[in-house]
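J.: I would like to see how this sequence folds:
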Amino acid sequence: MTSSEAPATASGPAESSRASGSSGTTARPAVRGNTMPAAIRAEWTKVRTLRSTLAVLAATFVVSVGLALLSGISVGNALEADNGRVRPDFHPVDSGFNIVWYTQLGLVAFGVLLITGEFGSGMIRVSLAAVPRRARLYLAKAAVCVAVTLPLAAVTVVLSFLLDQAGLGEYGVPLDEPGVVRGMALGTVYLTLIALLAFGVATAVRSTAFALGSMYLFLFALSPLSQAVPGLKEAARYLPDRAGIQALKVGTDADPSLGPWGGILVVVGWTALALLAGWLAFRRREV
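T.: Got it, this is the predicted structure:
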């Protein structure tokens, strides 16, 4: 080998590497993990390593099952004493699913924090640098929202129902009571949908305080008040929380015209609209 050949041999691979790096077709394989499964894994890692998120999920479960047991014991004692504190149209199945109303508050917070935390800290830029395709990132976050919420909701709904019935004692009902299994399934679906709805709203407004405030104001004030206004009472049946909770009812509070499956379909529609609004905002706005 001559001295003039040596530099050419030594520089050949380096020049080839640089050429490959500048080529649009050969540079892409170097970006490993930029796929939907990789994006989902990254989002899952964020969820399980953030203390605030874990605290919200743990508190949602503990408070829900605790309240379910206390509610069952309280109502059971009232029924035993026959002191008139329990409504005449009381139904034990409805009692077992009342806790869903409170469980949704924690899952709404989870859906909001899933995205607004990154907007507030500026970490969304890092996420977009790792996953440049916004549609992929948005879908990955929504998928993780479902993956976390669905099993947590299922365990919470089932255990809360069982504890409530145990607290009712002789007034409780078994699992084969009509409407129980269906209520457990639809309760799980409803809680998952309401978390997704909150995620969509939070993505659209990009503010933790505004998203939580608007969601809680709606659930605790606007929706209940709309039922008290004669002109709005009929329309209030189709609000997401009203329709979702109605899907769990089996007693006289049940809405026969809407039905349980109709109620869930209403929630699906609202959730789809919220996710669409969130996506349109996320796609167009600067971060």
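J.: from here on, contacts and neighbour counts on C-alpha atoms
T.: Will do.
J.: For this structure, which segments count as helices?
T.: Remark: helices assigned in the chain by DSSP state H are 5-22, 24-27, 36-49, 51-81, 92-97, 100-121, 123-130, 134-168, 180-205, 208-217, 223-228, 230-236, 240-246, 260-284.
J.: could you dump these to a markdown table with mean pLDDT and mean neighbour count?
T.: Shown next, in a markdown table, are the helices of the chain (pLDDT from 0 to 100; neighbours: other Cα atoms under 10 Å):
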| stretch | mean pLDDT | mean neighbour count |
| --- | --- | --- |
| helix 5-22 | 41 | 12 |
| helix 24-27 | 40 | 11 |
| helix 36-49 | 91 | 16 |
| helix 51-81 | 93 | 18 |
| helix 92-97 | 90 | 24 |
| helix 100-121 | 92 | 21 |
| helix 123-130 | 89 | 14 |
| helix 134-168 | 96 | 21 |
| helix 180-205 | 96 | 25 |
| helix 208-217 | 94 | 17 |
| helix 223-228 | 81 | 15 |
| helix 230-236 | 79 | 13 |
| helix 240-246 | 88 | 24 |
| helix 260-284 | 94 | 19 |
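J.: want to throw the ones you listed into JSON lines with distance to residue 174?
T.: Formatted as JSON lines, the helices of the chain follow (distance: least, Cα to Cα, whole Å):
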{"stretch": "helix 5-22", "distance to residue 174": "66"}
{"stretch": "helix 24-27", "distance to residue 174": "61"}
{"stretch": "helix 36-49", "distance to residue 174": "35"}
{"stretch": "helix 51-81", "distance to residue 174": "14"}
{"stretch": "helix 92-97", "distance to residue 174": "9"}
{"stretch": "helix 100-121", "distance to residue 174": "19"}
{"stretch": "helix 123-130", "distance to residue 174": "48"}
{"stretch": "helix 134-168", "distance to residue 174": "8"}
{"stretch": "helix 180-205", "distance to residue 174": "8"}
{"stretch": "helix 208-217", "distance to residue 174": "33"}
{"stretch": "helix 223-228", "distance to residue 174": "31"}
{"stretch": "helix 230-236", "distance to residue 174": "32"}
{"stretch": "helix 240-246", "distance to residue 174": "21"}
{"stretch": "helix 260-284", "distance to residue 174": "20"}
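J.: residue contacts, residue 195?
T.: 104, 107, 108, 109, 110, 111, 112, 145, 149 (Cα atoms under 8 Å, 6 or more residues apart in numbering).
J.: farthest-separated two in those?
T.: By the measure Cα to Cα, 104 and 145 form the most distant pair in the contacts of residue 195, at 13.6 Å.
J.: Wait, residue 180 touches residue 91, no?
T.: No - assessed by Cα atoms under 8 Å, residue 180 is found out of contact with residue 91, at 11.7 Å.
J.: And residue 62, how far from residue 103?
T.: Distance from residue 62 to residue 103, counting by Cα to Cα, to the nearest Å: 10 Å.
J.: pretty sure residue 171 contacts residue 93?
T.: No - contact status for residue 171 versus residue 93: not in contact, 10.3 Å apart, counting by Cα under 8 Å.
J.: mind checking which of the helices of the chain is nearest residue 254?
T.: Among these, helix 240-246 comes nearest to residue 254, with 6.0 Å by Cα to Cα.
J.: What lies in contact with that closest one?
T.: Outside helix 240-246, the residues that touch it by Cα under 8 Å, 6+ apart are 100-101, 187, 190, 219, 223, 236-237, 253-255, 258-260, 262-264, 266-267, 270.
J.: can you check stretch 109-119 too?
T.: Stretch 109-119 is touched from outside by 47, 53, 56-57, 124, 141, 145, 195-199, 201-203, 206-208, 211-212, 287, with contacts defined as Cα under 8 Å, 6+ apart.
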